[in-house]
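In: No sequence on hand, only this structure:
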């Protein structure tokens, strides 16, 4: 998951996703506090009917029992996958392991695509919608991180174990129980383990998936969201790397003759710090990393910084971005003027572009999640974050993010943990959400509409 320009990934879904859920997420800082939209209280009759049929069907009740029974085996998948490193842009080994498990569990058509995503389609009976169910393969941790799973006090500890290896393990469990119980969905289920969600991955996996598959009708992504949380808002972001260049020189001998790249960057940072942004829609900025210079007694010939800009709506994000870039230009002008030269320059490079979007609270995919939560005695909170769902949301494709069960914490820290006590309950709820959307042969009709295929 994701929120600000991470030195890690400051906006992942890791944070407390709602005030009501904050107690479950100590120390997390990814998603938005408080609801971003009212939870629907009146649902479409078709939604209520579908979930009533599902929860009354003997084969679905047996399926849910199978999810519970598969808990221990699914935990072994979780351990195995967690202990395979998956840094940003280096997800290949974990992708291969996830692919092998999908194939072993019966998804023989699964394969790794050109971007590194693992994709396999469990076909429906025909004429139903095509729904992506996904979890991301990558973590924020660099190569060489100790990812051995350790157990203590009833919790499993390991970097990346909850964000988002738990989601991968849940997908595998769903595939197993659906096949073992011979459940035929009406629509197609597209199982995806995707790359590029964390850090500067820039959602490359999801961007590729939706570019290549133009007939996707909706998406349900799994992240470590508390039970009952449904993410419907995708916070957009732009990230820039700014490089300052000057001639440099000796701190004493060249003083007064050359500008300092670091001083110019400092002026820019001070100007950026004074930018005002709207509270609603929430719009933020930060200079996340800085560097440069050669020695303490050198007028710096180079300096660089990385800037993260994000907003819940595109227009204020672009307006803030314009002010940030203007601050850089103004700072360069002032530093040159300070010494009566024109030898300092700055260049900017867009290093992150996460499109924003929103799934309407009264859309059928959100109502489906609300009704499934109700069926399991859970209240729903509609939240927001920057996740893989940003991509379909930006394209107008219905998409939500929900949890796969378990209490989690320590996101993006070496002390990341998950408590799997009764975690199968979350996996059950999320699976029922998915089944209502694609329909089950002989039980319920699909709730998710088929969309006309998009054009490239």
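Out: Alright, I've got the coordinates. What you see is a predicted model; the values in this text were computed from it and never measured.

In: Quick check: the residue minimising distance to the centre of the chain vs residue 231, distance?
Out: The centroid of the chain falls nearest to residue 387 when counting by Cα atoms, centre = their mean (2.4 Å). Here residue 387 is placed at a distance of 6 Å from residue 231 (Cβ to Cβ, to the nearest Å). C-beta coordinates here come from the backbone N, C-alpha and C atoms, glycine included.

In: so how far is residue 445 from the residue nearest to the centre of the chain?
Out: If you measure residue 387 against residue 445 using Cβ to Cβ, the figure is 29 Å.

In: and what of residue 429?
Out: 21 Å.

In: what is the mean pLDDT for the top helix by length along the chain?
Out: Criterion DSSP state H: the longest helix present in the chain is helix 314-339. Across helix 314-339, the average pLDDT comes to 98.

In: Then stretch 51-66?
Out: For stretch 51-66, mean pLDDT rounds to 98.

In: What lies in contact with it?
Out: 177-178, 180-181, 183, 368, 371-372, 374-375, 428, 431-432, 435-436, 440, 443-444 (Cβ atoms under 8 Å, 6 or more residues apart in numbering).

In: Give the buried subset of those as a ChimeraX selection command.
Out: The ChimeraX selection below is limited to those of the contacts of stretch 51-66 classed as buried (16 or more other Cβ atoms under 10 Å):
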select :177,178,183,368,371,372,374,375,428,431,432,435,436,440,443,444
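
In: Which of the contacts of stretch 51-66 fall within helices?
Out: Among the contacts of stretch 51-66, the residues falling in helices (DSSP H) are 177-178, 180, 368, 371-372, 374-375, 428, 431-432, 435-436.

In: Redo those residues as TSV? Include distance to residue 80 and pLDDT.
Out: Conversion of the ones in helices among the contacts of stretch 51-66 to TSV gives the following (distance: Cβ to Cβ, whole Å; pLDDT from 0 to 100):
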residue	distance to residue 80	pLDDT
177	18	98
178	21	98
180	20	98
368	31	98
371	34	98
372	29	98
374	34	98
375	32	98
428	22	98
431	21	98
432	26	98
435	27	98
436	31	98
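
In: would you list those residues in a markdown table and tack on distance to residue 59?
Out: What follows is the ones in helices among the contacts of stretch 51-66, written out as a markdown table (distance: Cβ to Cβ, whole Å):
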| residue | distance to residue 59 |
| --- | --- |
| 177 | 11 |
| 178 | 11 |
| 180 | 12 |
| 368 | 19 |
| 371 | 19 |
| 372 | 17 |
| 374 | 21 |
| 375 | 16 |
| 428 | 14 |
| 431 | 13 |
| 432 | 13 |
| 435 | 11 |
| 436 | 15 |
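
In: and which of those is nearest residue 246?
Out: Residue 246 lies nearest to residue 368 out of the ones in helices among the contacts of stretch 51-66, by Cβ to Cβ, at 57.4 Å.

In: right, and that closest one touches residue 47 too?
Out: Yes - between residue 368 and residue 47 there is a contact at 5.9 Å, judged by Cβ atoms under 8 Å.

In: any residues in contact with both of the two?
Out: Residues touching both residue 368 and residue 47 by Cβ under 8 Å, 6+ apart: 436, 447.

In: Show me the helices in the protein, by range?
Out: 45-56, 58-69, 71-82, 92-104, 166-180, 204-212, 261-273, 314-339, 364-375, 390-394, 424-438.

In: Make JSON lines from these and add distance to residue 120 to it.
Out: JSON lines is the format used below for those (distance: least, Cβ to Cβ, whole Å):
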{"stretch": "helix 45-56", "distance to residue 120": "24"}
{"stretch": "helix 58-69", "distance to residue 120": "20"}
{"stretch": "helix 71-82", "distance to residue 120": "16"}
{"stretch": "helix 92-104", "distance to residue 120": "5"}
{"stretch": "helix 166-180", "distance to residue 120": "8"}
{"stretch": "helix 204-212", "distance to residue 120": "12"}
{"stretch": "helix 261-273", "distance to residue 120": "45"}
{"stretch": "helix 314-339", "distance to residue 120": "33"}
{"stretch": "helix 364-375", "distance to residue 120": "22"}
{"stretch": "helix 390-394", "distance to residue 120": "18"}
{"stretch": "helix 424-438", "distance to residue 120": "15"}
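
In: returning to what we had before: which pair of the ones in helices among the contacts of stretch 51-66 spans the longest distance?
Out: 180 and 374 (27.2 Å).

In: Kind regards, and thank you for your time.
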